[in-house]
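**Q** could you work out the structure for the sequence below:
(2 chains)
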Amino acid sequence: DAGVTQSPTHLIKTRGQQVTLRCSPKSGHDTVSWYQQALGQGPQFIFQYYEEEERQRGNFPDRFSGHQFPNYSSELNVNALLLGDSALYLCASSLWSGEQYFGPGTRLTVT
Amino acid sequence: DAKTTQPTSMDCAEGRAANLPCNHSTISGNEYVYWYRQIHSQGPQYIIHGLKNNETNEMASLIITEDRKSSTLILPHATLRDTAVYYCIVRPRLIYNTNAGKSTFGDGTTLTVKP
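**A** The predicted structure follows:
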């Protein structure tokens, strides 16, 4: 049984560009949450998707957007990249309100 | 979400029990205590969770005080591979609670297991 998978593993982008990160949830899970983790800090909640809708959002600007597909996979899009967006982006899946299982993350570097 | 307070770092000798404390004095009645750990910037790994009773699984034990304002994660026989950052978070688990999926992480406790 595959766990949470994320792609790509690493990514380098230039300021002002746009990026799309992808997440496939653990089999049987229907809820996906995205987190941003800066170096040396704990993960910060970006938003959560359930039934293809954004259900909850953390304190992130509108440059951060997402989508959930009918197969429960999800994308995180970040527009107009800033240097401060460099971080490890984590996807976590769960059944609604259940334990969250995290993927390995995507390391984004903005230069 | 209730906030949690954890020590920044702790050391433990290999083979000994590691006891990691967490304060969550503003925890609400419907909020569970969850513990995760993160090794070398991998994704956080779920360890255990509980509401008010003590819990044990193959990885660890969770002791929650009677007033639920604090808890302790116990790794009974720490190994070098248990060196990681340990996060204690509290969040609701009730279905249809819109806060259920949002986990608020602090900076965690860096546990170093020494030979």
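**Q** okay, now the unreliable bits of chain B?
**A** B:1-2, B:93-102 (pLDDT under 70).
**Q** strands along chain B, start to end?
**A** Remark: strands assigned in chain B by DSSP state E are B:9-13, B:18-23, B:31-38, B:45-50, B:55-56, B:61-64, B:70-75, B:84-92, B:109-114.
**Q** so who does the residue nearest in space to the middle of chain B touch?
**A** Centroid check for chain B by C-alpha atoms, centre = their mean gives residue B:35 as the closest residue, at 2.9 Å. Neighbouring residues of residue B:35 by C-beta atoms under 8 Å, 6 or more residues apart in numbering or on different chains: B:20, B:22, B:46-49, B:60, B:62, B:73, B:86-89. (Each C-beta comes from the backbone N, C-alpha and C, glycine too.)
**Q** hang on, the earlier thing: TSV for the strands of chain B, including distance to residue A:49?
**A** Output for the strands of chain B, formatted as TSV (distance: least, C-beta to C-beta, whole Å):
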stretch	distance to residue A:49
strand B:9-13	35
strand B:18-23	29
strand B:31-38	20
strand B:45-50	19
strand B:55-56	29
strand B:61-64	29
strand B:70-75	30
strand B:84-92	17
strand B:109-114	30
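**Q** among these, which is nearest residue A:12?
**A** Between residue A:12 and those, the tightest spacing by C-beta to C-beta is seen for strand B:31-38, at 23.0 Å.
**Q** given that closest one, what are its sheet partners and their directions?
**A** Strand B:31-38 has the following sheet partners, assigned by DSSP bridges: strand B:45-50 (antiparallel), strand B:84-92 (antiparallel).
**Q** show the contacting residues for residue B:56.
**A** Counted by C-beta under 8 Å, 6+ apart, residue B:56 has contacts B:48, B:62.
**Q** deepest of the strands paired with strand B:31-38, which one?
**A** strand B:84-92 (a mean of 23; mean count of other C-beta atoms under 10 Å in any protein chain shown).
**Q** name the residues that touch it?
**A** Against strand B:84-92 from outside (C-beta under 8 Å, 6+ apart): A:42, A:97, B:1-2, B:4, B:6, B:20, B:22, B:24, B:27-28, B:30-39, B:44, B:47, B:71, B:73, B:99-106, B:108-111.
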